[in-house]
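# mind looking at a prediction? Sequence and model below.
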There are 2 protein chains.
Amino acid sequence: MRRLTGIALFAPLLLGGATAFPTPDSILASAPASDWRALDPAETLYMDIPGGRVVILLAPGFAPKTVANIKALAQEKYFDDSAIVRSQDNYVVQWSQEDKARKAAKAKLKGFAEFERPASPAFTRLPDHDTYAPQTGFDGAFPAGSDGKSEWLLHCYGMVGAGRDNAPDSGSGVELYAVTGQAPRQLDRNIALVGRVAQGMELLSSLPRGGGAQGAYMGFYRSPSQYTKISAIHLASDLPAGERLKLQYLKTDSASFKAYVEARRNRHNDWFVRAAGAIDACNIPLPVRTVPK
Amino acid sequence: MRRLTGIALFAPLLLGGATAFPTPDSILASAPASDWRALDPAETLYMDIPGGRVVILLAPGFAPKTVANIKALAQEKYFDDSAIVRSQDNYVVQWSQEDKARKAAKAKLKGFAEFERPASPAFTRLPDHDTYAPQTGFDGAFPAGSDGKSEWLLHCYGMVGAGRDNAPDSGSGVELYAVTGQAPRQLDRNIALVGRVAQGMELLSSLPRGGGAQGAYMGFYRSPSQYTKISAIHLASDLPAGERLKLQYLKTDSASFKAYVEARRNRHNDWFVRAAGAIDACNIPLPVRTVPK
């Protein structure tokens, strides 16, 4: 697997060397500035942990009430000095609610069952069949499913949701999770997704798994000494402009994104002997970059 | 997400409390001993790293020549005192070949393009549509795809493969990788899968990602000081019987496995408001247990 993802200089494998196919990397490098969109500071969270900063882009278009809760909680410093309390292998990490006082303080905060919304013309459909949803594609920065009437976010790697109890409307945003493994798509439309990690996902995915060697206790750490401290979760717009990260994502309704998806559906380079000819929505990471100087 | 995977005591949500649906856990707990199969020590590797032991079950039925190479390499201690040299987020970890002397020693070892084999009656098909393969299911301990003529292993989480260069038959087994993220199914039939991690996957998936904060360099660590040392890879049958782990996996052609899949396709418990009604082969972890006393 020395060159498992391919290397920069490609000759077309199937067409005899006459024309170079664009690669995902070359498409991103040549995408016009107008195909990139800045992360809205008013909808972006910075979660600071010892390993660094995790950037979360919120999805108010899909979970407006839960996102409003989360922003208010961040602004009142509810998440500051909290902790990541769970890391279950091939599933999720989860944070806050690590002690009784914290839980009690927000026990009555109203939650919402924001699991789907009416279908939107902003939904850009992917061409391939999905195992779980009638249609999948993207809407803004997010992978989404649709049945033509309703639209919902997909539990892909890096998506962030609001934990809940058995009552569907019990997820208020006081407890959040991020997907760290194979997309647990059975959760779609069962729990509110509220955004996605845009940068720093590797800081969450590499945390030690909880529950001991056998992964028991659903990955919850057995001792607070195993927690990862969250020093703060800031709303980016609450920081001085000079302290904000200048990040952009590739617009999912752009020509560049369409070409990027196609280049991932069918890889043409010296390494691949067979192009897949299809792609799962959760196999399309959102391209995010620092604004070029 | 306090009870995101459900808790042990379930009442049926849709049928009014009259009958309890079996859950994945209850099915495993009641599976007869005859539905479990011991990991064959002659086809099982123990990879020892500082975090503990990673158990890999080989797939000689799919990659016989590459597996024979790997077993011979283990027996001649080729992997001892080697290292994990790559961890790319949401993709793979990769090991050995960390220095020039090691590479040079096996530069001429013959590789094989064992990417698929003739379809086998041992293939047990899953009922749902897959994005990448005409049919998916299981064969022995492994997730597999089929087009009715050929059969191949799937790049699901925890699967282990033999790295290769551009030449399709250049993967000899001197360099191995394990999938640590969303199934990179575009690799299916492009590179030889040789087995799967049966236990200890969390030791690989939680390694720090290489390449710095931006995940550059395809996750390769920039400095040998970042490597994870592999003290040894033993073939289990080369250890005294008393030192072997007594592990079993659930036979994928058993009634218990069929019920387990169905319980994961449609979750019925107090937490879920909607059953998915379908499942991706890569969302079905192989149940592995220590033999009960």
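Cool, got the structure.
# list the buried residues for the lowest-mean-pLDDT helix or strand in chain A?
Least confident element among the helices and strands of chain A, by mean pLDDT, DSSP states H and E: helix A:100-105 (a mean of 90). Buried residues in helix A:100-105, defined by neighbour count with 16 or more other CB atoms under 10 Å in any protein chain shown: A:R102. For the C-beta atoms, the positions are set from N, CA and C on the backbone; glycine is no exception.
# now the element after it, going C-ward?
strand A:117-118 (DSSP states H and E).
# tell me the SS of A:S34?
helix (DSSP: H, G, I helix; E, B strand; the rest coil).
# returning to what we had before: near chain B at all, the least confident helix or strand of chain A?
No. Contact between helix A:100-105 and chain B is absent, the nearest approach being 9.7 Å (criterion: CB under 8 Å from any CB of the partner chain).
# contacts for that helix?
A:78, A:82, A:96-97, A:174 (CB atoms under 8 Å, 6 or more residues apart in numbering or on different chains).
# of those residues, list those near chain B.
A:Q97.
# tell me where the stretch 1-150 of chain A has strands.
Ranges of strands within the stretch 1-150 of chain A are A:36-38, A:44-49, A:52-58, A:82-88, A:92-95, A:117-118, A:124-125, A:135-139, A:142-146, A:150-153, based on DSSP state E, counting those that start in this stretch.
# who touches A:L245 in this structure?
A:39, A:46, A:53, A:55, A:199, A:236, A:290.
# residues in contact with A:P134?
A:P134 neighbours (CB under 8 Å, 6+ apart): A:145-148.
# do A:R265 as well
A:127-128, A:275-279.
# repeat the analysis, applying 6 Å as the threshold.
By CB atoms under 6 Å, 6 or more residues apart in numbering or on different chains, the residues touching A:R265 are A:I279.
# any idea which residue of the stretch 101-250 of chain A lies closest to chain B?
A:G163 (2.9 Å; CB to the nearest CB).
# just the pLDDT at that residue, thanks.
Per-residue pLDDT puts A:G163 at 97.
# how about low-confidence regions in the stretch 151-293 of chain A?
The stretch 151-293 of chain A contains residues with pLDDT under 70 at A:212-216.
# so where do the helices sit in it?
In the stretch 151-293 of chain A, the segments counted as helices under DSSP state H, counting those that start in this stretch are A:201-205, A:255-265.
# with only the CA atoms kept, save the last one in CSV.
Written as CSV, here are the backbone C-alpha positions of helix A:255-265 (Å, rounded to 0.1, in the frame of the first residue of the first chain):
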residue,chain,number,x,y,z
ALA,A,255,-19.0,22.3,-10.8
SER,A,256,-15.8,21.6,-8.9
PHE,A,257,-17.6,19.5,-6.3
LYS,A,258,-19.3,17.5,-9.1
ALA,A,259,-16.0,16.8,-10.8
TYR,A,260,-14.5,15.9,-7.4
VAL,A,261,-17.2,13.4,-6.8
GLU,A,262,-16.8,11.9,-10.2
ALA,A,263,-13.1,11.6,-9.8
ARG,A,264,-13.7,9.7,-6.6
ARG,A,265,-16.4,7.5,-8.2
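# tell me the angle that helix makes with strand A:135-139.
140 degrees (axes from the mean of the first three to the mean of the last three CA atoms, to 10 degrees).
# next one: helix A:255-265 to chain centre, how far?
Relative to the chain's own centre, helix A:255-265 is displaced by 19 Å; criterion: CA atoms, centre = their mean, to the nearest Å.
# go on, stretch A:269-276?
28 Å.
# tell me the buried residues in that stretch?
Those would be A:269-272, A:274-276, for stretch A:269-276 by 16+ other CB under 10 Å.
# that one near chain B at all?
Yes. Under the criterion of CB under 6 Å from any CB of the partner chain, chain B is reached by stretch A:269-276 at A:270-274, A:276.
# if anything else comes up later, I'll come back, but that's it for now.
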